[in-house]
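1. this one's sequence-less:
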């Protein structure tokens, strides 16, 4: 595949109400399919909101949320990126997952960096790896929200060959400038497309979320960007351009890991 149409779902999440949020998800998935998207990406913990009381909602992967999203994938013929609270000891994990058009669970990723500034680390355990998966043959990866502030996992994914990384988030308005800059930076430094999806509305903790979901190409340029309204942000990723840029300007091959390891 030479282009990939991605729909980023700017959802106003109903606080800790999986049934209501999954019902909304169906409408967004249907709209994404009508718009010709191949992939639709939901915000971080889209079925709950960014809760610091995860235990009652902890589930296995596969489990109820992955199965519900898989059913939507199958119904609408889409790759879908969702997330849920995964049961784990000593704390649950903040996990993202991908389901395919046939309803299969393709990949699962556990947020490596719990957001300690917001005390997430007291309620969630961090993940340990960055799995690579394919969307129609395109190598892809996942990161979640606060992970965006850390270049290392994006570089690890780039070293594995990832061309597209999806970043579900709950990123509040007070730090939205950093969100936009970091999405572009991760794209530029790894010559990859980075697709960041952020929720809208206000949560039960009083935090406001401004959307600003965006697709960035391998040059860091914005392909499509949302405002603060609920709805879809849709753009086409040009894989031919991305691969040509990597071949013409092979910056990743100029890395010197043997030097960095001593820093």
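-> That came through, no problem. Source: prediction; values computed, not measured.

2. Output the contacting helices and strands for the lengthiest helix in the chain.
-> For the chain, the longest helix by residue count, based on DSSP state H, is helix 18-34. Packing partners of helix 18-34 (3 or more CB pairs under 8 Å, 6 or more residues apart in numbering; DSSP states H and E): strand 3-10, strand 39-41, helix 64-76, strand 231-238. For the C-beta atoms, the positions are set from N, CA and C on the backbone; glycine is no exception.

3. Let me know which of these is tucked in deepest.
-> For the helices and strands packed on helix 18-34, average neighbour numbers computed from mean count of other CB atoms under 10 Å are highest in strand 39-41, which has a mean of 27.

4. Can you give the contact residues for that one?
-> 4-9, 28-29, 32, 78-81, 135, 166, 168, 195, 197, 232 (CB atoms under 8 Å, 6 or more residues apart in numbering).

5. Low-confidence bits of the stretch 151-263 of the chain, can you list those?
-> The stretch 151-263 of the chain contains no residues with pLDDT under 70.

6. rewinding a little: using neighbour counts, pick out the buried residues of the longest helix of the chain.
-> The neighbour-count check on helix 18-34 (16 or more other CB atoms under 10 Å) flags 18, 21-22, 24-25, 28-29, 31-33 as buried.

7. is it possible to export the residues you listed to CSV including pLDDT and distance to residue 40?
-> Output for the buried residues of helix 18-34, formatted as CSV (pLDDT from 0 to 100; distance: CB to CB, whole Å):
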residue, pLDDT, distance to residue 40
18, 97, 18
21, 98, 14
22, 97, 14
24, 97, 12
25, 98, 9
28, 98, 7
29, 98, 6
31, 98, 9
32, 98, 4
33, 98, 8
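
8. what's the closest of those residues to residue 179?
-> residue 28 (20.8 Å; CB to CB).

9. Contacts only, for the closest residue to residue 115 other than its chain neighbours.
-> Of all residues not flanking residue 115 in the chain, residue 146 sits nearest, at 4.3 Å (CB to CB, 6 or more residues apart in numbering). The contact partners of residue 146, taken as CB under 8 Å, 6+ apart, are 111, 113-115, 120.
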